[in-house]
Structure formats: C-alpha cells, structure tokens
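Just the structure for this:
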Amino acid sequence: MKLSILDQVPIALGQTAQDALFETLNLAKLGDELGYHRYWVAEHHNLKGLACPAPEVLLGIIGGQTKKIRIGAGAILLPHYKPFKVAETFNLLATMYPNRVDLGLGRSPGGSAEASVALSGNFLENVRKMPELIDELLRFFNGDFKAEHMFSNLKPAPVPNVLPVPWLLGTSEKSAVLAAEKGLHYAFGHFMSEVDAKPIISKYRYSLKEKYPNKTPEIIMAIQVICAETSGEAEKLALESFKWSRIRGEYSNSPNNIEDTLSKEEQDEYDIAKQKMIVGNPQEVKEKLNELQQKYQVDDFMILTNTPTYSVRKKSYQLLAEEVMKLA
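This next block holds a predicted model:
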C-alpha cells in the first residue's frame, strides 16, 4: 500500500502563516524520511487559516530539502492560469528535481468569488474551457502542436529529461470521464465528496481502457485520517480538530479556547464529517485503509491530517507510517 501526504498548509491555533509554511517544510522532510510516496501541496486563495496560494513556490523549496519523495500540486487550479505558464513552471521544477514532479490539476475556484475575479476574470467561462486548457497544456509538454499552430515553435523551457506527471483531481463522474478522455491519471477527493467513489472510479477505468487500451490506470484516493496511539485519543483529537476547523484562521485562539460542547447543529455536522474520515489507533487505521483498498483498488492513499497543533499532526503521520510500512 502506497501512502502519500496532502498538505493544505493549515495555520494551527496560536500560530502564524509563516509558522504554517515552515511546518510544511518540516512535515515534507519527515514524510521523506518515513517513506511516504508523494507530498502534494494544495492551492487556496483568501481562505482564513490556509497559508498557500502558490504551491509551485513551496514545491521549489520542498524539493531542495527532500531526497526521494515525489512532490506535486494538489492541485494547480488551471482555470485561473494560462497553460503555457503552468508548463514552464512545472518543467522548471522537473528540471531541478528529475523524475519526482507531479502536476495535479483541478477546476475548483479555491477561494471566494472575489478572489476568482481578481485571479482570472470570468472564472466560470474558464471552467467551461477546462478540456481545451488541458489539451493546450499537454501539447506544450509533448511539443505536438500542429505545424501551422502559432505555438508550434514555442517551448516551455527549460524542458526536462523527464516531464512532470499530470493528474486530474475530482469528486465526480464528470472529472473521471475527463481524466480518461485526456489519458491522465486520476485522483479522487474522498474527503471532499459525499458520493460513493466506486462507480466513479470504475467509470474512469472503463473509459480509459476504451480510449487508451495500452495505458495502465493509476488512481489516488485522498482521504482524511486522524491516527493516535489509542482509539480514545484519536476520537478526542478528531473532535478537537473538527471544532478547530470552525474557527481556523483566528490567530489569537489557543487550544484551550476551543468550546467543550457542540450545539445540536454542530453535532449533526460533525457526524456527517466523521463518516468521511478514518479515525483510530494505527492498527485500526490500517485495517480501514485495507478495506478501502479492497473495495476501490486504488494505487495510493493520499492522507490529509489537519489538527490543532503541528506536533500532533506529525505524530499521526509517523504512527501511520510505522504501522503500514513497518518501520523500525
């Protein structure tokens, strides 16, 4: 079972955005040491409590402080950008860190409507153009524009020996079909979805095989996990993390300021959120991941762990790695 890390660069209670960015570097180095397969950084804009609007900048630093772990964006929100710029940026990363760079692509706004307008103008129109944007991006990577095309002699330099590996992120059949049509690997956001992934993943496999018989499907499932030494500790931490997520971004708070009880509405919201999480001790988490592996047959579980403190987050990843990968 491959394990990877998805980092939203959360600002922990009582901490600053600078703290969050440096903790991302620390977690990436730990993930590299523990044997995690990938480290992806998410893109968000003007969202309280999340500190990274530009994953490509962080990846340039993470790559230099790690040795083996693959690095990537989860995701670059393509409707905000011109494909040529994205190709240049990720070719540069792939030149610096050969055979280690993934390019996850998404089409969500990643922030408020105002932020979308500031970034890309008519965002919804750009979302409708997502298939064409992917085509253009792939042509820049592959250098296969038709001779008469105005971009036929344009190179997104530097061109690396091993190109970045593109993935499409999504939570619906529409995204799965699009990934298959474009011949891309697919990452399903389990932690963001309220639908069963099985028919979506099956549709991806079928559609990819139909259009690209010689391509082997590769699938990531991104899932939220809270792992602690005991089940009780994990349950307590999951509840604290949920309560923290509701006030995330209020820097003056400390863990002691989290309300002890939930309202009826909050409890209902937590019960729904809990259904999409894996919470438990290392053995319990491993068993649940094994169950999901048997059900969905995915290649890689990308673990998202957001907790009120960075030390607890690191411990969760460490415990999981030690159990699944049986580290000394």
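
all contacts plus neighbour counts: C-alpha atoms, from now on.
Will do.

Who is the residue nearest to residue 2 when sequence neighbours are not counted paired with across the strands?
Nearest non-adjacent residue to residue 2, counting by CA to CA, 6 or more residues apart in numbering: residue 300, 4.7 Å away. Beta bridges link residue 300 to residue 2, residue 220, judged by DSSP bridges.

Next one: residue 300 relative to residue 84, how far apart?
As judged by CA to CA, to the nearest Å, residue 300 and residue 84 stand 29 Å apart.

and the residue nearest to residue 2, what does it touch?
1-4, 219-221 (CA atoms under 8 Å, 6 or more residues apart in numbering).

Between those, which sits nearest residue 305?
Among the contacts of residue 300, residue 4 lies closest to residue 305 (CA to CA), at 11.2 Å.

for residue 45, phi and psi?
phi -130, psi 120 (degrees, to the nearest 10).

what's near enough to touch the closest residue to it other than its chain neighbours?
Excluding the flanking residues, the one nearest residue 45 by CA to CA, 6+ apart is residue 111, at 4.7 Å. Contacts of residue 111 were listed using CA under 8 Å, 6+ apart, and they are 44-47.

how many neighbours does residue 150 have?
Residue 150 has 9 neighbours, counted by other CA atoms under 10 Å.

Tell me how far it lies from residue 243.
Counting by CA to CA, the gap from residue 150 to residue 243 is 53 Å.

same deal with residue 88?
With CA to CA as the criterion, residue 88 and residue 243 are 40 Å apart.

Please apply the same query to residue 95.
For residue 95 relative to residue 243 (CA to CA), the value is 42 Å.

repeat for residue 60
Distance from residue 60 to residue 243, by CA to CA: 33 Å.

Also residue 12?
12 Å.

out of the two, which sits in the busier spot?
Shown here are residue 12 and residue 243; by other CA under 10 Å, residue 12 has more neighbours (27 against 20).

ok, now which ones touch the more buried one?
20, 49, 248-249, 307-310.

Tell me the buried residues in stretch 107-122?
Buried residues in stretch 107-122, counted by 16 or more other CA atoms under 10 Å: 107-110, 115-116, 120.

ok so, going back, can you tell me which of the contacts of residue 12 is nearest residue 31?
Checking the contacts of residue 12 against residue 31 with CA to CA, the nearest one is residue 310 at 13.7 Å.

Give me the neighbour count for that closest one.
22.

Assess the claim that it and residue 25 are in contact.
No. Using CA atoms under 8 Å, residue 310 makes no contact with residue 25, being 11.8 Å away.

Ramachandran coordinates for residue 50?
The phi/psi pair for residue 50 (degrees, to the nearest 10) is phi -120, psi 130.

Tell me the spatial nearest neighbour of it, not counting adjacent residues.
residue 10 (4.6 Å).

Quick one, grab the pLDDT at residue 16.
Here the pLDDT value assigned to residue 16 is 96.

tell me the SS of the spatially most central residue of the chain?
The C-alpha lying nearest the average C-alpha coordinate of the chain belongs to residue 74 (CA atoms, centre = their mean; 3.5 Å). Following DSSP: H, G, I helix; E, B strand; the rest coil, residue 74 is assigned to strand.
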